[in-house]
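[1] Please work out how this folds:
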Amino acid sequence: MTVFTKPKLPLFQAQRYWDLLRVLVRRNLKVRYRGSFLGAYWSLLNPLIMTGLYTAIFGKAFAAYYDNSLPKYILAAFTGLIVVNFFSASTTQALTSVVANGSLLNKVQLPASIFPVSVLTANVVQFAISSLPLLMLVTLITSGNPLLMLLLLIPVFSLILVCTGIGFLTSALYVFFRDLPYFYELLVFVLWLSSPIFYPEGIVPEQLKPFLALNPLFPIIASIRNIAVLGQLPDFHLLMGSLLSGIIMLGLGLGCFRLWRSQFMDLL
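    Below is the predicted model of the structure:
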């Protein structure tokens, strides 16, 4: 006698995915901040220290590019560091997420994509608790316009899309190439160096600016600075460019992850 099993409905699968995501994100945050005094606010310590160092070394020289205002340079460096630190932490942790849970995937039928997504979601939660309120407060102080606080969410959303796409791509590639973390560390350094963090965009030679445009973090940092530091509307093309780069990276990463997913089990 043939037994027909009732297929799982998409709504049921979505609910199951959401329940798994909540469990993994909660576990990630608990492990990360177990016994920690400041918790998620430790993520602000590194950009604060680096901002102090950059200000001490470059502050007087580069303040001229920010209306001769040292506080504006401080805010510009701080916002750039927040973006790069979030990118570096979330994508680096996502890179190893599938391989680190390989034994679990071999024992239990789980969607492999849940692991990079859970890592990225945990970092988004941390960002929403610590860095984002500070950015929104700075925006309100510099502009006095609450609407700009909402506009700030567009480049932040673009940043999350970029990180998610790269997280999918690197976590899939790491299954095949175990030397990838060493190469990726160098790539993150190149992205950091090619992002106008401690230096203003104005000092970059014109012939090199097209190369900066290839950096997906460049339009995101520039848009956040225009809103939060300068208190003005960002360039529309720059804002849409940041969103477009996020969508492209997400599509590329997710497409590669799904294409290579069937080969994971033989290598985990």
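[2] buried sites along the host helix or strand of Leu238?
    Leu238 is located in helix 236-260, with elements delineated by DSSP states H and E. Buried residues in helix 236-260, counted by 16 or more other CB atoms under 10 Å: 238-239, 241-243, 245-246, 249-250, 253-254, 256-257, 260. All C-beta atoms are positioned from the backbone trio N, CA, C, and that covers glycine.
[3] So which elements touch that helix?
    Here helix 236-260 touches helix 153-176, helix 218-224, going by 3 or more CB pairs under 8 Å, 6 or more residues apart in numbering; DSSP states H and E.
[4] quick check: angle from that helix to helix 153-176?
    On the basis of axes from the mean of the first three to the mean of the last three CA atoms, to 10 degrees, helix 236-260 is oriented at 30 degrees to helix 153-176.
[5] Which neighbouring elements make contact with whichever strand or helix holds Ile82?
    Here Ile82, judged by DSSP H and E, is contained in helix 70-95. Packing contacts for helix 70-95, counted by 3+ CB pairs under 8 Å, 6+ apart, involve helix 45-62, helix 114-129, helix 131-143, helix 153-176, helix 180-193, helix 218-224.
[6] Please identify the buried residues of that helix?
    Buried-residue list, helix 70-95, by 16+ other CB under 10 Å: 72-95.
[7] Same check on stretch 170-188?
    170-175, 180, 184, 188.
[8] Show me which pair in those is furthest apart.
    Maximum pairwise distance among these (CB to CB): 19.7 Å, between Val175 and Val188.
[9] where are the low-confidence patches of the stretch 101-250 of the chain?
    Within the stretch 101-250 of the chain, no range satisfies pLDDT under 70.
[10] hmm, 90 instead?
    Along the stretch 101-250 of the chain, the parts satisfying pLDDT under 90 run over 101-111, 129-131, 142-147, 193-215, 218-219, 222, 229-242, 245.
[11] Tell me the one among the buried residues of stretch 170-188 nearest to Val31.
    For the buried residues of stretch 170-188, the nearest to Val31 is Ser171 (18.4 Å; CB to CB).
[12] Counting neighbours, what do you get for the closest residue in space to Leu252 that isn't next to it in sequence?
    Computed as CB to CB, 6 or more residues apart in numbering, the closest residue to Leu252 that is not its neighbour in sequence is Gly165, at 5.9 Å. Counted with other CB atoms under 10 Å, the neighbours of Gly165 add up to 25.
[13] same thing with Ala222?
    Count around Ala222 with other CB under 10 Å applied: 22.
[14] One more: the one 10 residues further on?
    For Gln232, the neighbour count with other CB under 10 Å is 13.
[15] Could you do Gly59 as well?
    Other residues close to Gly59 by other CB under 10 Å number 18.
[16] ok, now the one 3 residues further on?
    Number of residues near Phe62 (other CB under 10 Å) recorded here: 20.
[17] Tell me who's in contact with it.
    73, 198-200, 203 (CB atoms under 8 Å, 6 or more residues apart in numbering).
[18] Which members of those residues are positioned in helices?
    In helices, judged by DSSP state H, the following of the contacts of Phe62 are found: Tyr73.
[19] of the contacts of Phe62, closest to Val108?
    Using CB to CB, the shortest approach to Val108 within the contacts of Phe62 belongs to Phe198, at 45.6 Å.
[20] how far away is that closest one from Ser118?
    For Phe198, the distance to Ser118 (CB to CB, to the nearest Å) stands at 32 Å.
[21] cool, Phe87 as well?
    Taken as CB to CB, the span from Phe87 to Ser118 is 18 Å.
[22] Check Tyr17 too.
    10 Å.
[23] and what of Leu81?
    Leu81 is 25 Å from Ser118, by CB to CB.
[24] Let me see the backbone angles for the residue nearest to Ser194 when sequence neighbours are not counted.
    Excluding the flanking residues, the one nearest Ser194 by CB to CB, 6+ apart is Asn215, at 4.9 Å. Phi and psi for Asn215, reported as degrees, to the nearest 10, are phi -80, psi 120.
[25] Assess the claim that Asn215 and Ile197 are in contact.
    No: counting by CB atoms under 8 Å, Ile197 is not a contact partner of Asn215; they are 11.2 Å apart.
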